[in-house]
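S.K.: Next come a sequence and a model predicted from it.
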Amino acid sequence: MKGYLFLETGDWFEGEWFGAEVEQSGEVVFQTGMTGYQEVITDPSYAGQIVNFTYPLIGNYGINTIDDQSIRPQVAGVIVAELCKEPSHPQYNQTFEQVLAKYQIPGLSGIDTRELTKLIRKHGSLRGMISKTLDSSLLADWKRKLELQEQDDQQFSRINLLPLVDQVSTRIPLFYPNQGPHVVVIDYGAKFSIIDSLKSLGCSVTVVPYNYPVKEILKLNPDGILLSNGPGDPKELTPLLPEIKKLVTSFPTLGICLGHQLLALSFGADTEKLPFGHRGVNHPVINLETNQVWMTSQNHGYVVNDESLKKTDFVVTHQNVNDQSVEGMKHRFLPIQSVQFHPEAHPGPIEAFEIFKTFVQLCSVEKGVKQYAQIS
Ligand SMILES: NC(=O)CC[C@H](N)C(=O)O
């Protein structure tokens, strides 16, 4: 069956339909990783987005039971050049296409994904729709809907609407006991690999809903707080910023991606949208203190504004080598650090894992101080 991708610019692409037979719209973003499509489609930060994979062959090693980053695929749709229908890998148990069909997600193959990427790079981020027909009245309807949505967003500043994060955050606290310091993860759409990274360093972990009240978090007696990654514009969570600030000024804190953006906003700095985002597994980041460069896994469309940090007590610790955007920061006086990239990898290189080690050391000190206070 043929299918079409419409863009808000009026450009369109024809491809072969696969996955679920449902039409879907969303922000079209491109992902440049050579591997990791399973991690990408299950990463909650991609909720609401149609992912265009620039690597030309997708699905060749299938889907396994160990690499999911959340309980289900989260993307709105996928666009690929060539879809592999007969995967080969010892761990594979379902095909890419089967998983998408099961979770009501449409896909198009046979698309010139590099041409599409060039369009996104030229125009900046674009909204698009995966459609069954090339019907111009359908397109006009969709465009009208987009305009109305824009007016709504401006009028209500989304304050009365639920943030995208609400779709992917846990509804109840989840507890993973262990011997080490107790980290409470605020779940804006946390990837499983973040929790696994903490567990691998011996931490006890409690994952709580994104809007869990601070007074309830205090009852959990944390030794550290992790603000997770997640989908959407960080400013959708503006009403939560005072609570976030209260929390992070009380415990050692690590912010990752959306968590990093929320930290910046809660201290009065600003975020803005990048022209077309960073999504891939080889984004070079320089540590401004040591001059060491890491290849990092990234997936974000927003970024912390460098200038706006100057009026806060945060210093920039990491910078993107390609476009000099802010990739990490730390507080001058408090044990708070955050990064825009993904130290948990999955997909991508694991060389930034040190970020977790530093954080867990700070949490261990906190745990030690509390135990000492109890003894004396
Ligand atoms: N991976 C993330 O946490 C993404 C953060 C945010 N949604 C962005 O696109 O910038």
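M.R.: Here it is on my side, so go on.
S.K.: Export stretch 47-57 to PDB, keeping only CA atoms.
M.R.: The C-alpha trace of stretch 47-57 is given here as PDB (Å, rounded to 0.1, in the frame of the first residue of the first chain):
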ATOM      1  CA  ALA A  47       6.700  11.000  22.200                       C
ATOM      2  CA  GLY A  48       4.600  12.900  19.600                       C
ATOM      3  CA  GLN A  49       7.400  13.000  17.000                       C
ATOM      4  CA  ILE A  50       7.700  11.300  13.600                       C
ATOM      5  CA  VAL A  51      11.300  10.000  13.400                       C
ATOM      6  CA  ASN A  52      13.100  10.100  10.100                       C
ATOM      7  CA  PHE A  53      16.100   7.600  10.300                       C
ATOM      8  CA  THR A  54      19.000   8.800   8.100                       C
ATOM      9  CA  TYR A  55      20.700   5.400   8.300                       C
ATOM     10  CA  PRO A  56      19.600   3.700   5.100                       C
ATOM     11  CA  LEU A  57      18.600   0.300   6.400                       C
END
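S.K.: And the helix-or-strand element of the chain with minimal mean pLDDT, what's buried?
M.R.: When each helix and strand of the chain is scored by mean pLDDT, DSSP states H and E, helix 136-156 comes last, with a mean of 74. For helix 136-156, burial by neighbour count (16 or more other Cβ atoms under 10 Å) applies to 138-139, 142. All C-beta spots, glycine's among them, are computed from the backbone N, C-alpha and C.
S.K.: That helix packs against which elements?
M.R.: Where contact means 3 or more Cβ pairs under 8 Å, 6 or more residues apart in numbering; DSSP states H and E, helix 136-156 is packed against strand 126-131.
S.K.: Can you show me the CA trace of the strand it packs on as PDB?
M.R.: The C-alpha coordinates for strand 126-131 follow below in PDB (Å, rounded to 0.1, in the frame of the first residue of the first chain):
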ATOM      1  CA  LEU A 126       8.600  20.900  10.600                       C
ATOM      2  CA  ARG A 127       5.300  19.400  11.400                       C
ATOM      3  CA  GLY A 128       4.100  16.600   9.200                       C
ATOM      4  CA  MET A 129       1.500  14.000   8.600                       C
ATOM      5  CA  ILE A 130       1.600  10.400   7.500                       C
ATOM      6  CA  SER A 131      -1.500  10.000   5.300                       C
END
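S.K.: Can I take it that V99 is in a helix?
M.R.: Yes. The assignment for V99, made by DSSP: H, G, I helix; E, B strand; the rest coil, places it in a helix.
S.K.: picking that back up, please compute how far the least confident helix or strand of the chain lies from its chain's middle.
M.R.: 26 Å (Cα atoms, centre = their mean, to the nearest Å).
S.K.: same question, stretch 235-254
M.R.: Distance, stretch centre to chain centre, for stretch 235-254: 18 Å (Cα atoms, centre = their mean).
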